[in-house]
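Student: I would like the atomic coordinates for the input below:
(one chain, ligands or ions: 1)
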Amino acid sequence: MKNNILGIIGGGQLGRMTALAAAKFGIECHIFDPDSNAPAFKVCSKSYIYDYENINAIKEFASGVDTALYEFENIPLKSAKIIEELCLLRPSSFILSVSQDRLIEKKFLLDKAKVQTAKFYECNSYEDLVNAKNLIKGPSVLKTRRFGYDGKGQIKIDSDTDLLSAWKNIGSDKLILEEFISFKRELSIIIARDHNNNVQLYDTVENKHKNHILDQTIAPAPEISSKISKLSRDIAISIANELNLIGILAIELFELNNGDLIVNEIAPRPHNSGHWTMDGCITDQFEQAVRAAVGINLGSTERLFNIVMQNLIGDDIYLADDLINDPNCRVHLYGKQEVRPGRKMGHINRLIR
Ligand code: AMP
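Tutor: A predicted model of the protein is given here:
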């Protein structure tokens, strides 16, 4: 077993669960997050509480670890590149650069990975937006290129939407207008790829959202056809190979009624729709991210249980006291002090057997 120190950029629940997975192999984690209350700080051996732009702190952090990974995409690219000069960064800063900007991401998916995306247009001015709306014709979604998550930085545009107010309200002038897809359901798939180009894929799952936040993941996706299952795997492999991924990558997909799959977005990190793997698979997504980062062979993604993953959002956390007594429920809490509406406080994996 490698005696590595793993750096984790971002101290949210994803960083916390990654650090817990690393601990199983005796790997210590150093965590970097500007928020002193970040939940991952409670489970790591060294905390760096600095802004992501603090170059001296970034250098000290990167010099003190063998390998680093990130648990979210909104890290300044400049900082990621500095980290990459001082230690292994897996996934790479190139992959980060693709995934943190919707325009670059969509162009990459379409032109390089050659997978299907929603029709999209770059909008840097109100005139661009008017032109794009005319080109798309039907309903569309206006999205900020950066810093969007859980439906933030998005406005649905219908024929009667006041386009000028949408333009003024979205809070950025670096945008894309995307065709609105009337999908049958939302799916996702997670792929892991190591430094020897070996890949492992998890089962394709179905995701249900409430208020734009992931509510439930059903693993595997109910009644998924072998065609869709194969297509989702092929898409994941194309993207991972084209990115030269070392690490794990989640791919969010729209399944259409005609049997097509459209890639919505990618995330080169553990993903909420992969939390089911913690109790459903031989190797969970967090352990897999650690394995790929530090250079241990990837683990088996074989599914042991069908799982329904339910996020505990805001006050849902108070259900945990009862759920913990249910023998088919595995409860995972993130140790966040403050309960806020819309805040992910934990999740449960219900074993279906
Ligand atoms: P995103 O931030 O791109 O993952 O979008 C958040 C959610 O908004 C997705 O999970 C979908 O439910 C919905 N959404 C995003 N883009 C589109 C689209 N082009 N058409 C229909 N729904 C969308």
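Student: what domains does the record give for the chain?
Tutor: Domain ranges of the chain: 5-89, 119-179, 185-352, per automatic domain parsing.
Student: Any regions of this structure where pLDDT drops low?
Tutor: 1-3, 150 (pLDDT under 70).
Student: Longest helix in it, by number of residues?
Tutor: Longest helix in the chain, counting residues (DSSP state H): helix 226-243.
Student: Please spell out which residues along that helix are buried.
Tutor: Neighbour-count burial for helix 226-243, counted by 16 or more other Cβ atoms under 10 Å, picks out 228-229, 231-233, 235-240, 242-243. Heads up, the C-betas are built off the backbone N, CA and C, glycines and all.
Student: Return the distance of that helix from the chain's centre.
Tutor: Helix 226-243 sits 17 Å away from the centroid of its parent chain (Cα atoms, centre = their mean, to the nearest Å).
Student: quick one: contacts of that helix?
Tutor: 91, 94-95, 98, 108-109, 112-115, 187, 189-191, 193, 197, 199, 201, 204, 221, 245, 249, 251, 253, 255, 259, 261, 263, 266, 268 (Cβ atoms under 8 Å, 6 or more residues apart in numbering).
Student: What's the ChimeraX line that selects buried ones from those?
Tutor: Per 16+ other Cβ under 10 Å, the buried members of the contacts of helix 226-243 correspond to this ChimeraX selection:
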select :91,94,95,98,108,109,113,115,187,189,190,191,193,199,201,204,221,245,249,251,253,255,261,263,266,268
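Student: what does the stretch 51-200 of the chain put close to the ligand?
Tutor: With Cβ under 6 Å from any ligand atom as the criterion, the stretch 51-200 of the chain meets the ligand at residues Ala118, Val141, Gly148, Gly151, Glu178, Phe180, Ile181, Glu186.
Student: buried subset of those?
Tutor: Ala118, Val141, Gly148, Glu178, Phe180, Ile181, Glu186.
Student: From those, which land in strands?
Tutor: Using DSSP state E, Val141, Glu178, Glu186 are the members of these that sit in strands.
Student: Export the domains of the chain to TSV and append columns for distance to Ile104.
Tutor: TSV is the format used below for the domains of the chain (distance: least, Cβ to Cβ, whole Å):
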stretch	distance to Ile104
domain 5-89	11
domain 119-179	8
domain 185-352	11
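Student: So which of these is nearest Arg102?
Tutor: Closest of the domains of the chain to Arg102 is domain 119-179, at 4.9 Å (criterion: Cβ to Cβ).
Student: Need the phi and psi values for the residue in the chain that the ligand sits nearest to.
Tutor: Closest residue of the chain to the ligand, Cβ to the nearest ligand atom: Ile181 (3.8 Å). Main-chain dihedrals, Ile181, degrees, to the nearest 10: phi -100, psi 120.
Student: Enumerate every residue touching it.
Tutor: Counting by Cβ under 8 Å, 6+ apart, Ile181 makes contact with Ala118, Phe254, Leu256, Ile262.
Student: Also Asp215?
Tutor: Neighbouring residues of Asp215 by Cβ under 8 Å, 6+ apart: Lys208, His209, Gln310, Asn311, Ile313.
Student: and for stretch 267-275, what are the contacting residues?
Tutor: Contact partners of stretch 267-275, identified using Cβ under 8 Å, 6+ apart, comprise 14, 17-18, 69-73, 91, 95-96, 99, 188, 190, 202, 205, 207, 214, 217, 243, 245, 247-250, 252, 284-286, 289, 309, 311, 332, 344, 347, 349.
Student: try stretch 125-140
Tutor: Under the criterion Cβ under 8 Å, 6+ apart, residues 119, 121-123, 142, 156-159, 163-164, 166-167, 173, 175, 177-180 lie in contact with stretch 125-140.
Student: Filter the residues you listed down to the buried ones.
Tutor: Lys119, Tyr121, Cys123, Leu142, Ile157, Ala166, Trp167, Leu175, Leu177, Glu178, Glu179, Phe180.
Student: mind putting those residues in a markdown table, distance to Pro34 included?
Tutor: Formatted as a markdown table, these follow (distance: Cβ to Cβ, whole Å):
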| residue | distance to Pro34 |
| --- | --- |
| Lys119 | 37 |
| Tyr121 | 34 |
| Cys123 | 31 |
| Leu142 | 29 |
| Ile157 | 34 |
| Ala166 | 31 |
| Trp167 | 31 |
| Leu175 | 27 |
| Leu177 | 32 |
| Glu178 | 31 |
| Glu179 | 36 |
| Phe180 | 35 |
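Student: Which two among those are spaced furthest apart?
Tutor: Using Cβ to Cβ, the two most remote members of these are Lys119 and Trp167, lying 19.4 Å apart.
Student: Do you have the strands of the stretch 251-353 of the chain handy? List them.
Tutor: Using DSSP state E, counting those that start in this stretch, the strands of the stretch 251-353 of the chain run over residues 261-267, 306-313, 329-333, 344-352.
Student: Check the offset of stretch 196-206 from the chain's centre.
Tutor: The answer for stretch 196-206 is 14 Å, by Cα atoms, centre = their mean.
Student: Quote the end-to-end distance of that stretch.
Tutor: End-to-end span of stretch 196-206 (Cα to Cα, to the nearest Å): 30 Å.
Student: Strands along the stretch 101-250 of the chain, start to end?
Tutor: Here the stretch 101-250 of the chain has its strands, by DSSP E, counting those that start in this stretch, at 120-123, 140-144, 154-157, 175-179, 185-193, 199-201, 205-210, 213-219, 247-255.
Student: Out of the ones you listed, which is closest to Glu85?
Tutor: strand 247-255 (18.2 Å).
Student: strand partners of that closest one, parallel vs antiparallel please.
Tutor: Using DSSP bridges, the strands paired with strand 247-255 are strand 185-193 (antiparallel), strand 261-267 (antiparallel).
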